[in-house]
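J.: I would like to see how this sequence folds:
(2 chains)
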Amino acid sequence: MAEEREATYEIPSDLAQIPTVWRYEILRYFRSRRLLAALAVVGVILSVIYLLPPLYDSPYSGTDTEVSLHIEFDDLGSGIPEYVGSINRTAIDGGTLEVFVDGEPYPSLDGVNWVFSSREAGGLGFNAILFMPNVIMQNVSEVTATYEWYTPPESFASNFIGFVSILVIICVTAFAADSLVGEFQNKTGYLLFPNAVKRGTLFAGKFAASVTMGVVVVGLYYGVVAALSIVSARGVDDDYMLSFLLAIEYLIAATAIAYFISSLLKGTTGALVLTFFLLFMILPIVDGVSMFSGVKIEGSVTFAAGAISYILQDPYPADSMMDVGMGMEIHSFYPSPETAAIVMLLYAVIGCMLSMVLFKRKQLAG
Amino acid sequence: MIELEHLTKDFKEIKAVDDLTLEVPRSRTVGFLGPNGAGKTTTIKILTNLISSSSGRAVLNGVDVVTSPKRALANVGAVVETPEFYPYLTPMETLHYLGRLRGMSPNDITRRGKDVLDEVKMTEWKGTRIGKFSKGMKQRLAIAQALLHEPEILILDEPTSGLDPRGMVEVRETIKSLKKQDYTIFMSSHLLGEVQEICDSAALINRGKLLIYDTIEHLKTVTKVAKLEVTTDLDVPPQIMSAVNSMPNVRSAEAVNPRTFVVTFDGSPDQRADLLLAIQKQGLRVTGFSPVGLPLEMMYMELIKESR
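T.: Okay, here's the model as predicted:
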């Protein structure tokens, strides 16, 4: 028997091949209209959410000039009787606060006359001017204040982050749903599979690329919202990064589900449609049943994804029940962040494992 | 070297490949012949890790492709059906993608890429996205990518399929030149002339079973059935046609025109000479007596007929 010739080039390891697959998958998305479409969605949604409130006379910040304060006598639990002037704004800049008594400036004098008190609870701010016990308050007819106010970062971010779970579904549909099945339906597998590369390697490279594209789009969304929050809300919410991490975890879990569908079905259209509607409608409808049944469906990935926006609320919302009469109760359930993280992780791991097994077994027999 | 050992593939109740055993020695070009649905593409798909076998082994360079596909395919270039390419890539980008997977450096890919694109006459299109390429262009590019990493084994599934006559000639010329470069080539085709022209040996399968596997030269000699075209200087009367039909070893005689008829003859060269004499004894002045069609074609038709 003739001696076999050695391969001219040394085949890279499985790990070394993954970045190659990843790079060309990324190139595919960068050259496709899907990325443009996803970015357009981001642009439109950001613009709408950001611009609509000011257009409808609800700006993110402003200056209230000589607003009348309603003065009440209260000891505020401190034991010291005080006059309290409530300010009807969630967040104000205490440094800009000026108080006027009967039209005349009434300075604080380092707390001799009054102090500014700001507290936050459940996303609502309580801002007040605490006047020191002073005879002057008994003889005045009007107390006014001038100050700059702004939307708190938590409220500002909440307006935008509610859309993130839908954005994740859009990304997963655009960048993952037909990734595996396309190789079979479009017959590009005839080109790729006869190479010295394992299906598992192809899977890993593709999965990484799909997640990367999702991270780019979702990351861009979070980045722009953070920038807008700094500009309009004078800062970013403390839990903003946690929300982003949960969003990325949801993206990975949803990508794993999309890959499972992609490895199971025979056509790209079916995979795209099923992925979108499963995450956008079918699972949320199942989640919605819990409102009436009273059963908390903690194992649902879309229910878990609620934590992405709830994490911004301070304090974190608690489960509740409302009796609406006629023996009916409506339940409001909220996923705990820890449980949500575990559920999404399980979806990601199990989804990846199942889809990789199916992808390896799938044959190009057509 | 390619070895198929008792290879079997079942698709539910259909046996696409049935206990196929075959060996393609190093540096040989073997044609894999069979009618549509014979199991050619299924065999090639097993060899290239596109589908799994039900039983048996498919071995490339001593490595089982089913159990160790990565190692087995390391030194193989393949064109299966007419593969689709990623439309967003150019030919050169496609070669870079596949070349990187095959362990080539970017410089090697660029250098080799130019060579192989030149070989298949695609240099002009190397920077154009593949999206709108014709089937023929894709087929040529498919051959280029198979050659890129200078593999020892080339597996080609109907490599001239979908090409225009000029493209077919060019691809055949490319394969012929590869033969001279020490490649081991296993190519399926249903074009008998193509196999006869290009290959050293041919394996014929039908319904998944190997019918015959031998060198082209030997197959030509063992083929006893031939079609002989007989031309005379005068019209051939019906009674003489009847007489020819009943001559020894004649399967049939059919008139092509009043002075020409074709005899399907199953006999040795000596018996063929006797046939000519017998026709002349009928009073016909024979001006032409020559075989028509390819010997391989005759054999192919015979074997297919027998295997049904």
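
J.: Which parts of the stretch 201-308 of chain B are helices?
T.: B:216-222, B:238-245, B:269-281, B:295-307 (DSSP state H, counting those that start in this stretch).

J.: hey, which of those helices is tucked in deepest?
T.: Ranked by mean neighbour count, the helices of the stretch 201-308 of chain B are led by helix B:295-307 with a mean of 17 (mean count of other CB atoms under 10 Å in any protein chain shown). Every C-beta, even on glycine, is put in place using the N, C-alpha and C of the backbone.

J.: closest to chain A out of the helices of the stretch 201-308 of chain B?
T.: helix B:216-222 (20.2 Å; CB to the nearest CB).

J.: before we move on, back to that, could I get the helices of the stretch 201-308 of chain B in CSV, plus columns for mean pLDDT?
T.: What follows is these, written out as CSV (pLDDT from 0 to 100):
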stretch, mean pLDDT
helix B:216-222, 77
helix B:238-245, 92
helix B:269-281, 90
helix B:295-307, 70
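
J.: got a markdown table for the ones you listed, with distance to chain A too?
T.: A markdown table is the format used below for the helices of the stretch 201-308 of chain B (distance: least, CB to the nearest CB, whole Å):
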| stretch | distance to chain A |
| --- | --- |
| helix B:216-222 | 20 |
| helix B:238-245 | 47 |
| helix B:269-281 | 35 |
| helix B:295-307 | 24 |
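
J.: possible to save those as JSON lines with distance to A:Ala365?
T.: Formatted as JSON lines, these follow (distance: least, CB to CB, whole Å):
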{"stretch": "helix B:216-222", "distance to A:Ala365": "31"}
{"stretch": "helix B:238-245", "distance to A:Ala365": "47"}
{"stretch": "helix B:269-281", "distance to A:Ala365": "46"}
{"stretch": "helix B:295-307", "distance to A:Ala365": "24"}
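
J.: and B:Val66, which of the ones you listed is closest to it?
T.: Set against B:Val66 and scored by CB to CB, those come closest in helix B:295-307, at 27.0 Å.

J.: and the closest residue to B:Asp233 other than its chain neighbours, backbone torsions?
T.: Computed as CB to CB, 6 or more residues apart in numbering or on different chains, the closest residue to B:Asp233 that is not its neighbour in sequence is B:Arg285, at 4.7 Å. For B:Arg285, the backbone dihedrals (degrees, to the nearest 10) come out as phi -90, psi 110.

J.: need the contact list for A:Ile261.
T.: A:Ile261 makes contact with A:177, A:271, A:274-275, A:278 under the criterion CB atoms under 8 Å, 6 or more residues apart in numbering or on different chains.

J.: One more pass at 7 Å, please.
T.: By CB atoms under 7 Å, 6 or more residues apart in numbering or on different chains, the residues touching A:Ile261 are A:177, A:271, A:274-275.

J.: ok, now A:Leu36?
T.: Applying CB under 7 Å, 6+ apart to A:Leu36 gives no contacts.

J.: where does it land on pLDDT?
T.: pLDDT for A:Leu36: 94.

J.: Quick one: mean pLDDT for stretch A:164-176?
T.: For stretch A:164-176, the mean per-residue pLDDT is 97.

J.: in chain B, which residue is closest to the centre?
T.: Geometric centre of chain B, nearest residue: B:Ser189, 3.1 Å, by CA atoms, centre = their mean.

J.: got the residues of chain A near chain B?
T.: For chain A, the residues in contact with chain B (CB under 7 Å from any CB of the partner chain) are A:2, A:4-5, A:7-12, A:17, A:20, A:24, A:28, A:31-32, A:186-188, A:190-191, A:193-198, A:363-365.

J.: Mind checking which of these are buried?
T.: Among these, the ones that count as buried by 16 or more other CB atoms under 10 Å in any protein chain shown are A:4-5, A:7-9, A:11-12, A:17, A:20, A:24, A:28, A:32, A:186-188, A:190-191, A:193-198, A:364.

J.: so of those residues, which ones are in helices?
T.: Counted as lying in helices by DSSP state H, out of these, are A:17, A:20, A:24, A:28, A:190-191.

J.: would you list these in JSON lines and tack on distance to B:Ala142 and pLDDT?
T.: Conversion of these to JSON lines gives the following (distance: CB to CB, whole Å; pLDDT from 0 to 100):
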{"residue": "A:Gln17", "distance to B:Ala142": "21", "pLDDT": "97"}
{"residue": "A:Thr20", "distance to B:Ala142": "20", "pLDDT": "97"}
{"residue": "A:Tyr24", "distance to B:Ala142": "17", "pLDDT": "97"}
{"residue": "A:Arg28", "distance to B:Ala142": "19", "pLDDT": "94"}
{"residue": "A:Tyr190", "distance to B:Ala142": "8", "pLDDT": "94"}
{"residue": "A:Leu191", "distance to B:Ala142": "7", "pLDDT": "94"}
